[in-house]
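Asker: Please find the sequence and the predicted model below.
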Amino acid sequence: MFGVSMRTLISPSISPLSLHLHHLPKPSLFSTVLRFSSAINNNNTKSPKNSPRSTISTVKSQKTASSSSQPQSHPLSFSPPGEIHVVVGPMFSGKTTTLLRRILAEKLTGKKIAVIKSNKDTRYCTESIVTHDGEKFPCWSLPDLSSFKERFGTDEYENRLDVIGIDEAQFFGDLYEFCREAADKEGKTVIVAGLDGDFMRRRFGSVLDLIPIADSVTKLTSRCEVCGKKASFTMRKTEEIVTELIGGAEVYMPVCRNHYVCGQSVLETARAVLDSSSTKTPDVVVASSL
Ligand SMILES: Nc1ncnc2c1ncn2[C@@H]1O[C@H](COP(=O)(O)OP(=O)(O)O)[C@@H](O)[C@H]1O
Ligand SMILES: Cc1cn([C@H]2C[C@H](O)[C@@H](COP(=O)(O)O)O2)c(=O)[nH]c1=O
Ligand SMILES: [Zn+2]
């Protein structure tokens, strides 16, 4: 009885090793295609410096190549991968400063760069990103990101632009689609700076949606304006409750958790008082700053 069950369980013709291999998953169609395609890529002659980097351009260059007997790229070949780096934090935490440093570092290595900021932010200057310390860098001030390629010049964008910096990212509705396309399909390095949370600590725009597709995420801190400890949040000092409200130190301050929580309850009470008094006696609402 024992012998029979042994024979049934481990057949002499199947060694432990072959049993093991038998249970290994077969290479998927996808991994076979990937290996095949990377072999083709490795065999390709190295592309010239200004060769098209995007998938769209690869298709274009194939068309040209077939008519002019130049080396052809295979339809399965991938364009060089891009990168997405996300820099978040409260106001005054150095997001724009960090973006500027990283962009300038890329420029120093010979990369072609461009910086975009939302045209909603009209605080300092429309043609530049400006840090709270007054450092400046020329930028494209745009209502959305989808219009950037055409404004920049499609050929210039596809063939020469390497690095794209985006400031005030929380204001761009098409942030996710733009960054994914630029990094996944067009080989761009995208450095994104923006607020992760608004004055209520709610997610702001689609900045957080980038995390799953990002290569790196950095959360910066500022100094709490009340106690000097690390500040991770932004407190709004006025009674306005709309999410988007452009402003600087006259409206916002960086605070630590403790002072955010204390401040929020004080502000909520004050806003409630202002609210009720404004319905009773409108003349009483005089101070916008609490
Ligand atoms: N009220 C303030 N609280 C903290 N830092 C401030 C304030 N006003 C100006 N700063 C300066 O802002 C700098 C950060 O500027 P910036 O890079 O523009 O920040 P962010 O883009 O995160 O708002 C800090 O290094 C600090 O010197
Ligand atoms: C918290 C918070 C901020 N904003 C606005 C205020 C500023 O114009 C920008 C943030 O600028 P920074 O470069 O990070 O200093 O966003 C807002 O509209 N709503 C908010 O809740
Ligand atoms: Zn504090």
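Answerer: Yep, that arrived. Ligands and ions are numbered 1, 2, ... in the order given.

Asker: Which residues of the stretch 151-290 of the chain lie near ligand 2?
Answerer: Residues of the stretch 151-290 of the chain lying close to ligand 2 (Cβ under 6 Å from any ligand atom) are Glu168, Leu195, Asp198, Phe199, Thr234, Thr243, Glu244, Leu245, Ile246, Gly247, Tyr252. In this view, the C-beta of every residue, glycine as well, is placed from N, C-alpha and C.

Asker: now for those residues, which pair is the farthest apart?
Answerer: Within these, Glu168 and Phe199 form the most distant pair, 15.2 Å apart (Cβ to Cβ).

Asker: Residue ranges in the stretch 51-200 of the chain under the pLDDT threshold?
Answerer: Scanning the stretch 51-200 of the chain for pLDDT under 70 picks out the ranges 51-80.

Asker: Can you show me the strands along it?
Answerer: Counting by DSSP state E, counting those that start in this stretch, the stretch 51-200 of the chain has strands at residues 83-88, 113-118, 128-130, 136-138, 140-142, 163-167, 189-194.

Asker: So which of these is nearest Glu156?
Answerer: strand 113-118 (9.3 Å).

Asker: sorry, back to before: of the residues of the stretch 151-290 of the chain next to ligand 2, which is the nearest to ligand 3?
Answerer: Nearest to ligand 3 out of these is Thr234 (Cβ to the ion; 12.8 Å).

Asker: Tell me which residues touch the closest residue to Phe172 other than its chain neighbours, please.
Answerer: In space, and not counting its chain neighbours, Phe172 is closest to Leu145: 5.3 Å by Cβ to Cβ, 6 or more residues apart in numbering. If you count contacts by Cβ atoms under 8 Å, 6 or more residues apart in numbering, Leu145 has them with Ile116, Ile166, Phe172, Asp174, Leu175, Phe178.

Asker: Scan these and report the most crowded one.
Answerer: Ile166 (32 neighbours; other Cβ atoms under 10 Å).

Asker: Tell me the residue of the stretch 1-150 of the chain that sits nearest ligand 2?
Answerer: Met91 (3.8 Å; Cβ to the nearest ligand atom).

Asker: State the number of residues packed around that residue.
Answerer: 21.

Asker: Now do it against Lys117, distance only.
Answerer: 15 Å (Cβ to Cβ, to the nearest Å).

Asker: So what does the residue of the stretch 101-250 of the chain found nearest ligand 2 look like in phi/psi?
Answerer: Closest contact between the stretch 101-250 of the chain and ligand 2, by Cβ to the nearest ligand atom, is at Asp198 (3.2 Å). When read as degrees, to the nearest 10, the backbone of Asp198 gives phi -90, psi -170.
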